[in-house]
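Participant: Coordinates for the following, if possible.
(chains A, B and C)
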Amino acid sequence: MEKTWNNKAWFMVLPVLVLVAFSAVIPLMTVVNYSVQDTFGNNEFFWAGTDWFTDVLHSDRFWDALTRNLIFSAIILAIEIPLGILIALNMPKKGLGVPVCLVLMSLPLLIPWNVVGTIWQVFGRVDIGLLGYTLAALGINYNYVNNVFDAWVTLIVMDIWHWTSLVVLLCYAGLVSIPDAYYQAAKIDGASRWSVFRYIQLPKMKRVLLIAFLLRFMDSFMIYTEPFVVTGGGPGNATTFLSIDLVKTAIGQFDLGPAAALSIIYFLIILLLSWIFYTVMTTSDAQK
Amino acid sequence: MARINLDHIRHAYGPSPKSPSDYSLKEVHHEWNDGGAYALLGPSGCGKTTLLNIISGLLQPSEGKILFDGRDVTYLSTQDRNIAQVFQFPVIYDTMTVYDNLAFPLRNRHVPEGEVDRRVNEILEMIGLADRAKKKAQGLTADQKQKISLGRGLVRSDVSAILFDEPLTVIDPHMKWVLRSQLKRLHKQFGFTMVYVTHDQTEALTFADKVVVMYDGEIVQIGTPAELFEKPKHTFVGYFIGSPGMNVLPAKIDGSSVDLDGQKVALSFAPKIAAGAKTELGIRPEFVRLGREGMPVTISKVEDIGRQKIVRASFASRPIAIVVHEDGEIPTDPRVTFDPSAINIYANSWRVTDSLPIGGAA
Amino acid sequence: MNTATQLSGRNLSWIVPTLYILFLLLPIYWLVNMSFKTNTEITGTFSLYPHAPTLRNYAVIFTDPSWYKGYINSIIYVVMNTVISVSVALPAAYAFSRYRFLGDKHLFFWLLTNRMAPPAVFALPFFQLYSAFGLIDTHIAVALAHCLFNVPLAVWILEGFMSGVPKEIDETAYIDGYSFPRFFLRIYIPLIASGIGVAAFFNFMFSWVELLIARTLTTTDAKPIAAIMTRTVSASGMDWGVLAAAGVLTIIPGAIVIYFVRNYIAKGFALGRV
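Facilitator: Now for the predicted structure:
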């Protein structure tokens, strides 16, 4: 659409700016402020320069949490994106099945995150949970509280349960926007099922897949509530992700400086990775 | 290339059709010649796309059979019928190059790569996209994309028929004309059986040898453009084809003359009409003569459209259109006469021939 | 024409979504199942359905104000947040969809980066900011804090819908002598009603499910239900039944909202652009 140049449009954006400034810029400035100062309590602050940043970047704790986050996000994306595509491809396109699928699949998305954690915490318990009990009955030694591997599997399965629907809904939206003529033309051209997917469905889903990928990356990288409820970051520190570590530092230990520095590094990592993914995914297409 | 037989075909989208109004396609029973160029013409919702999809195999008719060269293909899939179809909006594979788009239908059928290359290059020349062969199809304009769709239809040398579903809708008027003449030339050159759906009469009349006019789920007439113009079988054909359309006036038949609200017009024959039928007289504006003799009319408006003038008038308290040559004069006391050979008589909207009423009048 | 479904396999395709839905419903079923059991049944015997169904757990929640007030608190701040987010996003989305102005693209991108901000980063600064304004433990504090991620989202979704409305409609309205506010309220808003519905749905959703910030900013009077749930850990051990019942009750508002917008969900995801 041809847009007209009009700087008065700024007035319409103003309410948003004021609000976001209040809820994002001021807090962020507080964080920056803390990140370069030190305090011994009683509201006296000293200039600390980049000390906190150096500290954070040199701590194993930070790198370990970051590694855990990256592995977690990678596993989540590798499972949820293909699974979401597979489910969306097999969803009904019309009839009663459509609203039934949409409503039931959206359900996990609207459950408060700590309740999601609670549901899985209970579900996985060997004494009272269906999953844990069944696994134990089958003779599998499963315990997400003590066993690192079991804790990770539980968190991953929980995240798949919680968020795959988002990928499904996005892909489904992309799929239903493909006109029937494309499928008819493919039939006439004698295309195989794989060709239809490769040359019609996948290209048409590309935009929504990009959104799905970015949203799933960002949210899995920021994950806090669900693992906090299920494992509390344990066993040991095995599931302590950056967010959990950050809240521990800031609110648990009240180490404002390191927490603030960690916050900024954390935020920058997300921005940077999102930007890289976005650029790579949009330009790889333009080159071919 | 194939002869197409439509054997008592009917189609309803609902599950169990009962009354005729449940059918979106009422009975169709016709034979279309091998190598013919047919246009399916009619307003939106008349069933022309339904009929086309039945021929292509995208839809299965509720009743009846469809035969290609005498072989029953009713239950064959689109692939097995070996037809090509071009859709209203360009369908291209965005991520492939222009070349790969054209090669796609051939490669899917395991045509040897040498043959693919030969055919694709031939088509690329034909549609004038040879210089873009290695470019991605994504960035092309709408008419270039539609040319690729056309090309994918033409690339297979062995197709039974090529079907077009309003393929020029998205093309701008100048390009439309160019593409249409190219299609016409290709048809002459290769002799494909072509079926072309459109709601644009100019497109239908210039493209096809035979125009199939559809109205409300029925084929009302199949004929050459001249037949449709001179002897419309149904009043719908009369006013759908021609601009302005045929004048249709309520008439009372009295032997070999007609009474138009008190005005007598002599006929060249005595139409035979079943009792109680609604009778009408049809005369094209081109065959109404405006002069100082004949029946009186009242002129309400004169539209000058260049080489001709269209006179809108009121005749026997009915609106009537008259085509007058650009320097034809318009008298102060206007009167009209009808060319007797151009008068058609309709009973219940169907044309009456010499002795027997046909079609819906029976 | 069902060509799409014909292509997608020998009509066995229903198996995949069915298995997936089963997987989704199983843990929820288990929660519902538990909510109708007594604590002795939960811990004592393992049963696939409640053998002695009881409503006691729900009765506990509905009779104790400290429990049911949690729901009211959650709903109050979620609704407040939805109303604020959508109403400030409307004019902004209109500006982005209709006009070019100084810095528009940077601004749009900057707005979206707020969606990428980890709530954990903001928890502490929010606490300090709202303390300074004396807003701790008020609904408005949570509603405003959630604007951090909901306003960008609302702008993004609405902009997508608005770009789908032809500009000629605006111009016709001006020619017909409508003033801007009258045009916007009378003509434009009804036109993008479904977009507003979708934006409101997503705002409701993200505000409803968020806990970290909501919990940090509240102590008693505005505490969300999700935070109150942690109370079930007591000296006498876990009150599993009440915990399950409280969990089930947090699912219900979401389910109701989904039911109303079910026809727009797919559409809402497709619109908006990165």
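
Participant: what residues does the stretch 101-250 of chain A put near chain B?
Facilitator: When proximity is defined as C-beta under 8 Å from any C-beta of the partner chain, the stretch 101-250 of chain A approaches chain B at A:179, A:181-182, A:184-185, A:187-192, A:195, A:199-200, A:203. Backbone N, C-alpha and C define where each C-beta goes, glycine included.

Participant: Tell me who's in contact with the residue nearest to the spatial centre of chain B.
Facilitator: Centroid check for chain B by C-alpha atoms, centre = their mean gives B:Leu41 as the closest residue, at 2.6 Å. Contact partners of B:Leu41, counting by C-beta atoms under 8 Å, 6 or more residues apart in numbering or on different chains, are B:Lys48, B:Thr198, B:His199, B:Gln201, B:Ala204, B:Val211, B:Val212, B:Val213, B:Met214, B:Phe240, B:Ile241.

Participant: can you give me the helices in the stretch 101-250 of chain C?
Facilitator: For the stretch 101-250 of chain C, the helices defined by DSSP state H, counting those that start in this stretch cover C:104-115, C:119-132, C:139-163, C:167-175, C:180-183, C:189-191, C:193-209, C:212-216, C:225-228, C:240-270.

Participant: and for the fifth one, what are the contacting residues?
Facilitator: In this case it means helix C:180-183. The set of residues external to helix C:180-183 that reach it, using C-beta under 8 Å, 6+ apart, is C:Asp170, C:Ala173, C:Tyr174.

Participant: from those residues, which is closest to chain B?
Facilitator: C:Asp170 (26.0 Å; C-beta to the nearest C-beta).

Participant: Please tell me how far A:Met222 sits from chain C.
Facilitator: 4 Å (C-beta to the nearest C-beta, to the nearest Å).

Participant: Would you check that that residue makes contact with C:Arg115?
Facilitator: No. Contact criterion C-beta atoms under 8 Å: A:Met222 and C:Arg115 do not qualify, at 10.3 Å.

Participant: Settle it for me: which of these two has more neighbours?
Facilitator: A:Met222 (23 against 19; other C-beta atoms under 10 Å in any protein chain shown).

Participant: can you give me phi and psi for that one?
Facilitator: Here is the backbone geometry of A:Met222 (degrees, to the nearest 10): phi -100, psi 0.

Participant: Please report the number of neighbouring residues for the nearest residue to it once chain neighbours are set aside.
Facilitator: In space, and not counting its chain neighbours, A:Met222 is closest to C:Pro118: 4.0 Å by C-beta to C-beta, 6 or more residues apart in numbering or on different chains. Using other C-beta under 10 Å, C:Pro118 has 22 other residues around it.

Participant: Poorly predicted segments of chain B, please.
Facilitator: B:1, B:354-362 (pLDDT under 70).

Participant: just the stretch 151-288 of chain A next, same as before
Facilitator: Looking at the stretch 151-288 of chain A by pLDDT under 70, you get A:284-288.

Participant: The nearest residue to C:Val151 once chain neighbours are set aside: which element?
Facilitator: Spatial nearest neighbour of C:Val151, excluding adjacent residues (C-beta to C-beta, 6+ apart): C:Ser85 at 5.0 Å. Following DSSP states H and E, one finds C:Ser85 within helix C:65-98.

Participant: any idea how far B:Thr169 is from the residue of chain A positioned farthest from its centre?
Facilitator: In chain A, counting by C-alpha atoms, centre = their mean, A:Ile188 sits farthest out from the average C-alpha position, at 41.0 Å. Per C-beta to C-beta, to the nearest Å, A:Ile188 is found 19 Å from B:Thr169.

Participant: what's the answer for B:Val213, then?
Facilitator: 19 Å.

Participant: Which parts of the stretch 51-200 of chain B are helices?
Facilitator: B:78-81, B:98-108, B:113-127, B:142-154, B:173-190.

Participant: Save the ones you listed as JSON lines, and put in distance to chain C too.
Facilitator: Formatted as JSON lines, the helices of the stretch 51-200 of chain B follow (distance: least, C-beta to the nearest C-beta, whole Å):
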{"stretch": "helix B:78-81", "distance to chain C": "9"}
{"stretch": "helix B:98-108", "distance to chain C": "14"}
{"stretch": "helix B:113-127", "distance to chain C": "24"}
{"stretch": "helix B:142-154", "distance to chain C": "17"}
{"stretch": "helix B:173-190", "distance to chain C": "22"}
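
Participant: Turn these into a markdown table, including mean neighbour count.
Facilitator: Below are these laid out as a markdown table (neighbours: other C-beta atoms under 10 Å in any protein chain shown):
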| stretch | mean neighbour count |
| --- | --- |
| helix B:78-81 | 17 |
| helix B:98-108 | 22 |
| helix B:113-127 | 16 |
| helix B:142-154 | 23 |
| helix B:173-190 | 14 |
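
Participant: what packs against the helix or strand hosting A:Phe11?
Facilitator: Assessed by DSSP H and E, A:Phe11 sits inside helix A:9-20. The contact analysis (3 or more C-beta pairs under 8 Å, 6 or more residues apart in numbering or on different chains; DSSP states H and E) places helix A:9-20 against helix C:65-98, helix C:104-115, helix C:139-163.

Participant: Please report the distance of the residue nearest to C:Val151 from C:Ala95.
Facilitator: 16 Å.

Participant: before we move on, back to that, make a PyMOL selection of whichever of the residues of the stretch 101-250 of chain A next to chain B turn out to be buried.
Facilitator: Those of these that count as buried under 16 or more other C-beta atoms under 10 Å in any protein chain shown are selected in PyMOL with:
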select buried, chain A and resi 181+182+184+185+187+188+189+190+191+195+199+200+203
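
Participant: Just the residues of the stretch 101-250 of chain A next to chain B: which are in helices?
Facilitator: A:Ala181, A:Tyr182, A:Gln184, A:Ala185, A:Lys187, A:Ile188, A:Ser195, A:Pro203 (DSSP state H).

Participant: OK, contacts around the last one?
Facilitator: A:Pro203 makes contacts with B:Tyr93, B:Asp94, B:Thr95, as judged by C-beta under 8 Å, 6+ apart.

Participant: surely the first one meets B:Ala103?
Facilitator: No. Applying C-beta under 8 Å as the test, B:Tyr93 and B:Ala103 come out as separate, 10.6 Å apart.

Participant: State the three-state secondary structure for the residue of the stretch 251-362 of chain B found nearest chain C.
Facilitator: When distances are taken as C-beta to the nearest C-beta, the stretch 251-362 of chain B reaches nearest to chain C at B:Glu303, 28.8 Å away. Assigned by DSSP: H, G, I helix; E, B strand; the rest coil, the conformation of B:Glu303 is strand.

Participant: so the closest residue in space to it that isn't next to it in sequence is in which element?
Facilitator: Using C-beta to C-beta, 6+ apart and skipping the chain neighbours, the partner closest in space to B:Glu303 is B:Ile310 (4.4 Å). For B:Ile310, the host element (DSSP H and E) is strand B:308-315.

Participant: how close does A:Val229 get to A:Leu110?
Facilitator: From A:Val229 across to A:Leu110, the span is 17 Å (C-beta to C-beta).

Participant: go on, B:Phe229?
Facilitator: Counting by C-beta to C-beta, the gap from B:Phe229 to A:Leu110 is 65 Å.

Participant: Looking only at neighbour counts, state which of the two leads.
Facilitator: Between B:Phe229 and A:Leu110, counted using other C-beta under 10 Å, A:Leu110 has the larger neighbour count: 22 against 18.

Participant: Good, wrapping up.
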